[in-house]
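Undergrad: sequence plus the predicted model coming up.
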Protein chains: 2
Amino acid sequence: MTSHADGQPERRSTRQRAALSEALADSPVFLSAQEIHARLRDAGTSVGLATVYRNLQSMVADHEVDVLRTDEGESVYRACTSSAHHHHLICRGCGRTVEVAERAIEVWAEKIAAEHGFVDVRHTLEIDGLCAACAAQR
Amino acid sequence: MTSHADGQPERRSTRQRAALSEALADSPVFLSAQEIHARLRDAGTSVGLATVYRNLQSMVADHEVDVLRTDEGESVYRACTSSAHHHHLICRGCGRTVEVAERAIEVWAEKIAAEHGFVDVRHTLEIDGLCAACAAQR
DNA sequence: TTATGTGCAAAGGGTTTGCACTCCG
DNA sequence: CGGAGTGCAAACCCTTTGCACATAA
């Protein structure tokens, strides 16, 4: 169930979808659907909330954006910068994100799982802290 | 902001809280608040849903139970078996969980963070797959 | 033209909260 | 007795869905 032989169902190009892509491209930080909706509204290129959600969903399916779950249970999105598997190092102060591509973790996770007889292994890893700038102003 | 010099606010011992603790102690698997509520009801020791949530919250605060977020955004709880920092290896088939205590990840995360100038680092890591038993019956 | 995309408002599902009542200490 | 704990129902929040209308291809 992990991989369809995906042929993207050809998305139509609409004003809304473009606005959404742009908003995502403009932000280095993960944004929630609600935040994106608000930004578009403020920018004058208003898009229905439902449409924001629907497009976000399809963009995730097409691997155009990354999704994360905040501790509060909200989903946050950001344009993919690299399509390869990677993890995020996030600043709790300013939300700045660094992508970490290291392979070490994948190998390690695979090993641990194998030791316990697990197969078809996946994993999620997020690292967060305070970046140098944010740490300084305290 | 990370740590109060915590003196637990002394919880009162009630029938509900005891039932809750027992339900958690009886399950090796992570349960959602809703599932716990249903189990208690079925067991005859009914507890209000709000009370389940409130107690679960305080138990998490007191480090008596672990919390995880499912992909669907639901919070799931389980009695802590070890208070030390650890990660979970979860079977997607049956929910069985193995605690992984390895220190390797902590060291690795610390190193990656340091390379990017981050301090006060935390991380979350979950590994999931199919355990031997579940993989067999497919 | 016509199927896909959009907007709005209502519905959903999990979690939290207000308020009166209960019961531990 | 006094306040923490409880139950119920309403409120919340984010997200999804139904349906009529708009629009890309």
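TA: Received the coordinates, thanks.
Undergrad: surely A:L125 is within a helix?
TA: No: counting by DSSP: H, G, I helix; E, B strand; the rest coil, A:L125 falls outside a helix, being strand.
Undergrad: what's the burial count for it?
TA: Here the number of neighbours of A:L125 (other CB atoms under 10 Å in any protein chain shown) works out to 22. Backbone N, C-alpha and C define where each C-beta goes, glycine included.
Undergrad: cool, and A:H88?
TA: A:H88, neighbours per other CB under 10 Å, totals 16.
Undergrad: ramachandran angles for it?
TA: Backbone torsions of A:H88, given as degrees, to the nearest 10, read phi -120, psi 140.
Undergrad: report the central residue of chain A.
TA: Closest residue to the average C-alpha location of chain A: A:D66 at 2.3 Å, with CA atoms, centre = their mean.
Undergrad: check whether the helix or strand where that one lies comes near chain B.
TA: Using DSSP states H and E, A:D66 sits within strand A:65-69. Yes: contact of strand A:65-69 with chain B (CB under 8 Å from any CB of the partner chain) involves A:R69.
Undergrad: what angle separates that strand from strand B:65-69?
TA: 160 degrees (axes from the mean of the first three to the mean of the last three CA atoms, to 10 degrees).
Undergrad: pull whatever helix or strand comes next after strand A:65-69 out as PDB, backbone CA atoms only.
TA: Going down the chain from strand A:65-69, the next helix or strand is strand A:75-79, by DSSP H and E. What follows is strand A:75-79, C-alpha atoms only, in PDB (Å, rounded to 0.1, in the frame of the first residue of the first chain):
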ATOM      1  CA  SER A  75      -1.400  20.200  10.000                       C
ATOM      2  CA  VAL A  76       1.300  22.600   8.600                       C
ATOM      3  CA  TYR A  77       2.500  22.700   5.000                       C
ATOM      4  CA  ARG A  78       5.600  23.800   3.100                       C
ATOM      5  CA  ALA A  79       6.700  23.600  -0.400                       C
END
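Undergrad: how far out from the middle of the chain is the helix or strand of chain A with the lowest mean pLDDT?
TA: For chain A, using mean pLDDT, DSSP states H and E, the weakest element among its helices and strands is strand A:97-100, scoring a mean of 87. In terms of CA atoms, centre = their mean, to the nearest Å, the centre of strand A:97-100 is found 11 Å from the chain centre.
Undergrad: can you give me the strands for chain A?
TA: Per DSSP state E, chain A carries strands over the ranges A:31-32, A:65-69, A:75-79, A:87-91, A:97-100, A:119-130.
Undergrad: tabulate those strands (JSON lines), appending distance to DNA strand D.
TA: JSON lines is the format used below for the strands of chain A (distance: least, CB to the nearest atom of the strand, whole Å):
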{"stretch": "strand A:31-32", "distance to DNA strand D": "5"}
{"stretch": "strand A:65-69", "distance to DNA strand D": "8"}
{"stretch": "strand A:75-79", "distance to DNA strand D": "3"}
{"stretch": "strand A:87-91", "distance to DNA strand D": "17"}
{"stretch": "strand A:97-100", "distance to DNA strand D": "18"}
{"stretch": "strand A:119-130", "distance to DNA strand D": "16"}
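Undergrad: quick one: which of these is nearest B:D42?
TA: Ranking these by their distance to B:D42 (criterion: CB to CB) puts strand A:65-69 first, at 30.0 Å.
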